[in-house]
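Engineer: Would you be able to build a 3D model of this:
(2 chains)
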Amino acid sequence: MNIQEALEIVSQTHSGMVRSHNEDSVAYDASCGLVVLADGMGGYNAGEVASGITVSVMSTEIKQRLGSVRPQNKKENGEDIGEALLRENVQKANAAIFSAAQSQPQYAGMGTTVVSALFYDNRVAVAHVGDSRMYRLRGDSFETITRDHSLLQEQIDGGMISKEDARLSRNKNLVTRAVGIDAEVEVETHIHEVQVGDVYLLCSDGLNDMVGDEDIGTTLGMLKANLALAAVQLIEMANDNGGRDNVSVILVKINGDFAAPRGWLAKLLSWLKR
Amino acid sequence: MAKLILSMDGVVLHEYELNKERMTIGRKPHNDVVIDNLAVSGEHAAIVTILNDSFLEDLDSTNGVVVNGGAIKKHFLQANDVIEIGKYKLKYINDKQGQGPQASVEDFERTMVLRAPVKPQAVVPPVAAAEAGGAPVRSPVSPTPAAGHVATGVFAAQTPQSVTPPVTPPVAQPVQQPAATVSPAALQILNGPNAGRELDLVKNLTTLGKPGVQVAVLTRRPHGYFITHVEGANYPSLNGKTLNEQPNQLNNHDIIELAGIKMEFYLKD
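Structural biologist: Model prediction:
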């Protein structure tokens, strides 16, 4: 099965019930298995600018590079090209935002979180910076597969505060990393195996701050047959609970196997593409 | 700023602002909160405050620390918690939302970058973590609006965010909210082998039907109940009219028909 048939992708974004504008940006391209979600921050419309730059750099650059490289091939250091593509392009977006912020005073200090995933060869490479998350629903288990770069997560890791108490914290909105605020950014990347039937959720903190993980998981489990409805439902739940932030979701359902072709022809093609 | 109100037998003795990262409570005079009573240990308890969150810790006191009636070793303080040490009570007040609602809500809701060099350490003792989290922050672009964190961008002079002024308290209250505002409802099955059975709609989402064949979902929202088609070639009908893709609000005594089963929706009060 080719990747476009194997993946079902939908996205939704909403400014929420309180904010007058939406600083989140989302994009996906099923033909190359790429999804990107960014949650911008900064005064006036700088947040939109930062998240918009990130999403457009990631989606155009990666799509273009995938015309000439195969994400499942390895680099010299043993890393998947797919994983490296994500990291390099987050860094590229970082440089673009940082230089825009330096040259335009109204954009000073803008930044964004990002979570992005590239599906290929029954795997998914995930890159993230900040507190936008990726979750996986596999069978009955619903869990995060990214770890927030936030003060709260560090407190959880340090044993200061339990996961259950974390929902009560008033320090939820402090991220320890962001794209575009410094000349360099440290991007966290991982590779996960993908199984048929998995549902992946990428979301901005406007969802998981307003709706508990358990409710998100139950909703996805109930409505995964109708992904578009599931996305709408998640946004409605966040808004019904107050909707104090922009809320964005991308859902990816794995409907089939998408192993990379391994015949001699594929090998030849892949060799030619190097 | 959060504070503690010390009282005994209903008489307020003192107020303490939690203006330090770590404040100690004890009998000896070097404590920040001194309670000169023999039931209180020399160093009885400590409160570590990180930005807007405070944590209470029993410092191996002889007589222990009780919060809201239960003994604790460590506790994440919530507004209006009552700490009991011997005969003394300390009420924890965190009235961040009280001081100029707009400004403070904005402060809470905005995602901000904490630019402290916080090293991801595996296991950090609470106090060390507190220091790492709170203190050293570089100030990159704008002057720091509040102690300990730096907002990216200029949102002191924010665009008017108050199209809908946020009235709700700043801390997200999970999920239970809508339940309170909408009256309870149920479905009664009218035909088939389960005729007469009732199904209380106690969850925000209830699915009806058979996965893979025909499924509809009933959603409970603050302004009422809705039915939406989820999957299957056939759509459910409402009072004899076949539904489309859109959610439809349910009214008292509406009749839903799905896969040959008729159900009546009704409000319980």
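
Engineer: What parts of the stretch 1-150 of chain A come near chain B?
Structural biologist: A:17-21, A:39, A:41-44, A:46-47, A:108-111, A:113, A:130-131, A:150 (CB under 8 Å from any CB of the partner chain). In this view, the C-beta of every residue, glycine as well, is placed from N, C-alpha and C.

Engineer: Tell me the buried residues within these.
Structural biologist: Buried by 16 or more other CB atoms under 10 Å in any protein chain shown: A:17-19, A:39, A:41-44, A:46-47, A:108-111, A:113, A:130-131, A:150, out of the residues of the stretch 1-150 of chain A next to chain B.

Engineer: Quick one: mark the members of the residues you listed that sit in helices.
Structural biologist: Judged by DSSP state H, those include A:A46, A:G47 as members of helices.

Engineer: circling back to that earlier point, in strands, which of the residues of the stretch 1-150 of chain A next to chain B appear?
Structural biologist: Residues of these located in strands (DSSP state E): A:D39, A:M41, A:G111, A:T113.

Engineer: Nearest residue to the last one in space, please, no chain neighbours.
Structural biologist: Excluding the flanking residues, the one nearest A:T113 by CB to CB, 6 or more residues apart in numbering or on different chains is A:G130, at 2.8 Å.

Engineer: my guess is the one you found meets A:L37, correct?
Structural biologist: No: the criterion here is CB atoms under 8 Å, and A:G130 misses it with A:L37 at 10.8 Å.

Engineer: Okay, buried residues for stretch A:220-234 please.
Structural biologist: Residues A:220-227, A:229-234 are the ones in stretch A:220-234 that count as buried (16+ other CB under 10 Å).

Engineer: Neighbours of A:N246, how many?
Structural biologist: For A:N246, the neighbour count with other CB atoms under 10 Å in any protein chain shown is 27.

Engineer: How much space separates it from A:M41?
Structural biologist: The gap separating A:N246 from A:M41 is 10 Å, by CB to CB, to the nearest Å.

Engineer: again, but for A:A231
Structural biologist: Counting by CB to CB, the gap from A:A231 to A:M41 is 23 Å.

Engineer: before we move on, what about B:Y235?
Structural biologist: 42 Å.

Engineer: got it, and A:N77?
Structural biologist: Distance, A:N77 to A:M41, by CB to CB: 33 Å.

Engineer: residue ranges with poor pLDDT in the chain?
Structural biologist: I went with chain A, as the question did not name one. A:44, A:263, A:265-267, A:269-274 (pLDDT under 70).

Engineer: wrong one, chain B
Structural biologist: Chain B contains residues with pLDDT under 70 at B:96-110, B:115-181.

Engineer: And the residue nearest the centre of chain A, how far from B:A185?
Structural biologist: Centroid check for chain A by CA atoms, centre = their mean gives A:V115 as the closest residue, at 2.5 Å. Going from A:V115 to B:A185 by CB to CB gives 37 Å.

Engineer: quick one on the thing from earlier: list the residues that contact the residue nearest to A:T113.
Structural biologist: A:D39, A:T112, A:T113, A:V114, A:D148, A:H149, A:S150, A:V175, A:R177, A:A178, A:V179, B:T111 (CB atoms under 8 Å, 6 or more residues apart in numbering or on different chains).

Engineer: so B:N204 sits right up against B:L218, yeah?
Structural biologist: No: assessed by CB under 8 Å, B:N204 is found out of contact with B:L218, at 9.4 Å.

Engineer: my guess is B:F226 meets B:Q249, correct?
Structural biologist: Yes: if you go by CB under 8 Å, B:F226 and B:Q249 touch, sitting 5.4 Å apart.

Engineer: Which one's more surrounded, these two?
Structural biologist: Neighbour count, other CB under 10 Å: between B:F226 and B:Q249, B:F226 has more, with 16 against 12.

Engineer: could you dump stretch A:245-259 to CSV, C-alpha only?
Structural biologist: Presented in CSV, the C-alpha positions along stretch A:245-259 are these (Å, rounded to 0.1, in the frame of the first residue of the first chain):
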residue,chain,number,x,y,z
ASP,A,245,-6.4,29.0,24.3
ASN,A,246,-6.2,28.3,20.6
VAL,A,247,-6.8,24.7,20.1
SER,A,248,-5.5,22.6,17.2
VAL,A,249,-5.4,18.9,16.4
ILE,A,250,-4.1,16.7,13.7
LEU,A,251,-5.3,13.1,13.6
VAL,A,252,-3.5,10.3,11.7
LYS,A,253,-5.0,6.9,11.4
ILE,A,254,-3.0,4.0,10.1
ASN,A,255,-5.3,2.1,7.7
GLY,A,256,-2.7,-0.2,6.2
ASP,A,257,0.9,-1.4,5.9
PHE,A,258,3.2,1.1,4.3
ALA,A,259,6.5,-0.8,4.3
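
Engineer: Can you give me the buried ones in that stretch?
Structural biologist: Result for stretch A:245-259 [16+ other CB under 10 Å]: buried residues A:D245, A:N246, A:V247, A:S248, A:V249, A:I250, A:L251, A:V252, A:K253, A:I254, A:F258.

Engineer: got it, and stretch B:234-242?
Structural biologist: B:P236, B:L238.

Engineer: part of a helix, is A:V49?
Structural biologist: Yes: membership of A:V49 in a helix is supported by DSSP: H, G, I helix; E, B strand; the rest coil.

Engineer: Quick one: residues contacting it.
Structural biologist: By CB under 8 Å, 6+ apart, the residues touching A:V49 are A:G40, A:G42, A:I97, A:A100, A:Y107, A:M110.

Engineer: Now for A:G130 and A:L37: what residues contact both?
Structural biologist: Counting by CB under 8 Å, 6+ apart, the shared contacts of A:G130 and A:L37 are A:V114.

Engineer: ok so, going back, can you lay out the ones in strands among the residues of the stretch 1-150 of chain A next to chain B as TSV showing distance to A:A6?
Structural biologist: Shown next, in TSV, are those (distance: CB to CB, whole Å):
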residue	distance to A:A6
A:D39	28
A:M41	34
A:G111	34
A:T113	28
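
Engineer: if we can go back for a sec, my read: the residue nearest to the centre of chain A touches A:V124, true?
Structural biologist: No: applying CB under 8 Å as the test, A:V115 and A:V124 come out as separate, 11.8 Å apart.

Engineer: Common neighbours of those two, please.
Structural biologist: Joint contacts of A:V115 and A:V124 (CB under 8 Å, 6+ apart) do not exist.

Engineer: Give me the number of neighbouring residues for B:S61.
Structural biologist: Using other CB under 10 Å, B:S61 has 19 neighbouring residues.

Engineer: same question, A:R123
Structural biologist: Neighbour tally, A:R123, other CB under 10 Å: 20.
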